[in-house]
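In: this one's structure only:
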């Protein structure tokens with residue numbers, strides 16, 4: 001018997017779905033390189049197993065509780081006060097260019113669910129989400145975006161990104177032969193502990209599958225190694241209230257889940273994600289990410305016009321293109337106990353007026369940027385005195401201070417309007433071309449008194465919608481302003497944020513070897529052109545071994561270069577070295593931001609780096625992570641980094657030394673590096689002859 005079958009194709013991959021012969025659901029038939037669908041499905045489960053239902057054994061794309069009762073449902077719904085369960089029937093398919101919609105209906109519940117698929121032009125990413133529409137009121141306890149099935153022959157190897165504040169994006173791996181694995185966040189943001197990203201491989205097999213959830217709120221990713229040698233991954237948002245009420249006639253649309261495949265392992269998968277994020281940037285990708293100087297680590301809250309101008313002159317002298325004043329510029333902000341919410345420049349700190357100060361900065365040839373934390377409010381602020389109802393709170397319960405501040409309920413339209421009005425005022429009154437949006441605390445007492453029954457609210461989704469509304473307004477009303485996303489470091493980095501910002505701040509930790517580990521994990525999931533990275537004087541927290549100024553620069557040049565050190569304390573020699581590195585960065589940043597990136601080794605190796613290729617140029621950022629006592633790795637022999645993706649028959653010339661290499665030599669033996677106590681990093685530019 002023949003069953004309906006649909007295939008979505010990207011540049012290099014195909015994804016085939018079919019209707020199941022055993023029930024009213026869709027199943028994954030094949031996913032991998034183009035042509036993988038031509039043959040018997042690797043997910044075929046025609047040899048039945050006993051004691052579980054066919055739906056439990058099937059590689060189903062999406063199943064409700066009712067059809068799949070034992071191994072976990074992707075969707076759980078019920079009428080208020082009635083038994084949970086959906087028993088739907090297939091209701092037709094719609095195909096378009098690179099798109100597919102499969103509809104299922106339950107006439108008893110009055111529910112229509114559509115499984116949505118869409119390819120992304122120029123990438124190997126397929127987006128998946130679901131749309132749920134009710135004819136009568138329904139209570140949705142679970143509504144994942146999608147389920148992803150991956151065939152494995154043994155234990156599935158999972159790669160994910162873990163951490164904490166100041167130690168985000170640590171690449172972590174485990175093998176899952178059987179059982180359930182889960183990550184997520186209930187902090188109202190993706191969080192520092194886990195990124196909403198997962199990669200899966202069939203044990204040691206090279207091919208890699210990946211997913212990433214586009215949602216800057218509460219979320220989960222769950223992977224279960226199921227009977228029949230299959231891994232099933234579910235991902236979606238998690239409502240704060242535990243369930244969402246679907247009002248008659250309304251449609252609940254889940255966050256998009258990006259699904260990717262590469263035959264070239266985790267490194268190849270990273271390039272799929274990089275290309276997708278370049279697609280998300282749109283026309284803004286061609287806007288150069290300028291070298292910034294941020295004054296936070298030099299001055300902290302001690303901000304005044306004279307001190308900032310002194311730093312700005314030093315920054316301009318070494319080649320910075322943008323000066324950003326961080327926390328401490330506004331009224332009442334002598335420390336972190338006051339000021340948030342009252343977004344007016346401190347007249348004492350800027351006696352000639354803030355507008356004159358901005359023009360003085362611009363007169364040095366620098367663009368001007370400003371730090372804000374729009375969702376936060378200090379209890380001692382004028383804003384809180386006027387609008388105490390604007391913060392998250394629960395009647396009769398104490399409010400908890402985190403970092404001496406409260407959090408505004410950005411799900412409220414009046415709060416959104418206040419934030420939009422504040423940012424419009426700042427960006428219109430002053431020549432601000434860069435805005436750093438920070439968020440330094442999660443929501444704690446998450447309630448909205450007076451808004452009706454708490455179990456009928458959806459505070460997490462409303463906050464996300466408000467956050468995205470403000471960012472969308474910035475993109476439309478101030479298209480020339482560069483926006484940086486930050487949440488106490490890397491606490492809110494996902495594709496919804498990346499589609500609306502220009503760069504993000506992966507971590508507050510700028511120590512050299514600590515930062516190397518953060519960036520190594522970050523680049524598995526995210527592109528170099530969004531990775532803001534500073535050169536500072538910060539000592540190591542987790543890895544205290546000292547590294548040179550060159551190491552700090554080369555490491556920061558792997559993304560979007562910035563400087564945050566106190567330049568007033570630098571020697572003339574350090575400033576001269578910084579000037580040289582910044583000039584070199586400007587020569588290669590188009591390759592770094594637009595080229596194909598390859599991760600060379602890991603921070604655990606004695607030498608690691610990143611290779612970037614574009615337009616006949618290869619840029620290699622090489623870093624020594626081993627001992628720097630002058631002893632080479634082997635007596636008389638330099639360490640080497642094997643490059644990848646080059647033409648073995650071509651020749652490549654080092655622009656600094658003039659040395660010529662055969663492509664086969666660079667692929668087989670690699671670039672040589674003779675590290676020493678005085679030389680622990682290098683930036684090599686190769687031109688294809």
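Out: Perfect, I can see it now. Owing to the predicted nature of the structure, the values given are computational and were not obtained by experimental measurement.
In: hey, let's count contacts and neighbours off CA atoms from now on
Out: Noted.
In: contact partners of the one helix or strand residue 519 maps to?
Out: Secondary structure assignment for residue 519, by DSSP states H and E: helix 512-525. Contacts to helix 512-525, defined as Cα atoms under 8 Å, 6 or more residues apart in numbering, come from residues 161, 167-171, 197, 266-267, 269-270, 273-274, 506-507, 509, 538-547, 551-552, 555, 599, 602-603, 625.
In: could you point out which element follows it?
Out: strand 532-535.
In: That following strand pairs with which strands, parallel or anti?
Out: In its sheet, strand 532-535 lies beside strand 560-563 (parallel), with partners assigned from DSSP bridges.
In: Quick one: distance of the strand it pairs with to the chain centre.
Out: If you compare the mean C-alpha spot of strand 560-563 with that of the full chain, they lie 18 Å apart, counting by Cα atoms, centre = their mean, to the nearest Å.
In: After it, which helix or strand is next? Please name it.
Out: With secondary structure assigned by DSSP H and E, strand 560-563 is succeeded by helix 572-594.
In: Can you mark which positions in whatever helix or strand comes next after that next one are buried?
Out: Following the chain from helix 572-594 toward its C-terminal end, the next helix or strand by DSSP H and E is strand 596-600. Buried residues in strand 596-600, counting neighbours by 16 or more other Cα atoms under 10 Å, are found at 596, 597, 598, 599, 600.
In: isn't the first one right next to residue 271, touching?
Out: What it means is residue 596. Yes: contact criterion Cα atoms under 8 Å: residue 596 and residue 271 qualify, at 6.6 Å.
In: where exactly do the helices run in the stretch 1-150 of the chain?
Out: In the stretch 1-150 of the chain, the helices defined using DSSP state H, counting those that start in this stretch lie at 54-57.
In: ranges for the strands of it?
Out: Ranges of strands in the stretch 1-150 of the chain, per DSSP state E, counting those that start in this stretch, are 5-9, 13-19, 26-33, 75-78, 89-96, 99-106, 111-119, 125-134, 138-143, 146-151.
In: Looking at the ones you listed, spot the one closest to residue 670.
Out: For those, distance to residue 670 was read as Cα to Cα. The smallest value, 29.2 Å, belongs to strand 26-33.
In: For the closest one, which helices and strands make contact with it?
Out: The helices and strands touching strand 26-33, judged by 3 or more Cα pairs under 8 Å, 6 or more residues apart in numbering; DSSP states H and E, are strand 13-19, strand 257-262.
In: again, only using 6 Å
Out: strand 13-19 (3 or more Cα pairs under 6 Å, 6 or more residues apart in numbering; DSSP states H and E).
In: Among the contacts of helix 512-525, which lie within strands?
Out: In this view, those that belong to strands under DSSP state E are 161, 170, 171, 197, 599.
In: Distance to residue 431 and pLDDT for those - can I get that in TSV?
Out: What follows is the ones in strands among the contacts of helix 512-525, written out as TSV (distance: Cα to Cα, whole Å; pLDDT from 0 to 100):
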residue	distance to residue 431	pLDDT
161	38	98
170	38	98
171	40	98
197	37	98
599	39	98
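In: now residue 106, nearest residue through space, not along the chain?
Out: The shortest distance from residue 106 to any residue other than its chain neighbours is 4.3 Å, reached at residue 88 (Cα to Cα, 6 or more residues apart in numbering).
In: if I pick the one you found, what's in contact with it?
Out: The contact partners of residue 88, by Cα atoms under 6 Å, 6 or more residues apart in numbering, come to 104, 105, 106.
In: Kindly report the same for residue 142.
Out: Counting by Cα under 6 Å, 6+ apart, residue 142 touches 75, 76.
In: let's see 7 Å
Out: With contact taken as Cα atoms under 7 Å, 6 or more residues apart in numbering, residue 142 is in contact with 74, 75, 76, 243.
In: cool, and residue 9?
Out: residue 15.
In: Looking at the strands of the stretch 1-150 of the chain, spot the one closest to residue 294.
Out: When the strands of the stretch 1-150 of the chain are ranked by distance to residue 294, counting by Cα to Cα, first place goes to strand 125-134 at 35.2 Å.
In: What residues does residue 61 make contact with?
Out: In this structure, residue 61 makes contact with 26, 27, 28, 146, 147, 148, judged by Cα under 7 Å, 6+ apart.
In: go on, residue 248?
Out: 134, 135, 136, 137.
In: and the two most separated of the ones in strands among the contacts of helix 512-525?
Out: Taking Cα to Cα as the measure, the ones in strands among the contacts of helix 512-525 have their most distant pair in 197 and 599, spaced 17.9 Å apart.
In: Listing request: residues of the protein with sub-threshold pLDDT.
Out: 1-2, 46-49, 227-228, 628-635 (pLDDT under 70).
In: Tell me who's in contact with residue 15.
Out: For residue 15, the contact set (Cα under 7 Å, 6+ apart) comprises 7, 8, 9, 30, 31, 32.
In: Beta-bridge partners for the last one, please?
Out: Partner residues in beta bridges with residue 32: residue 14, with DSSP bridges as the criterion.
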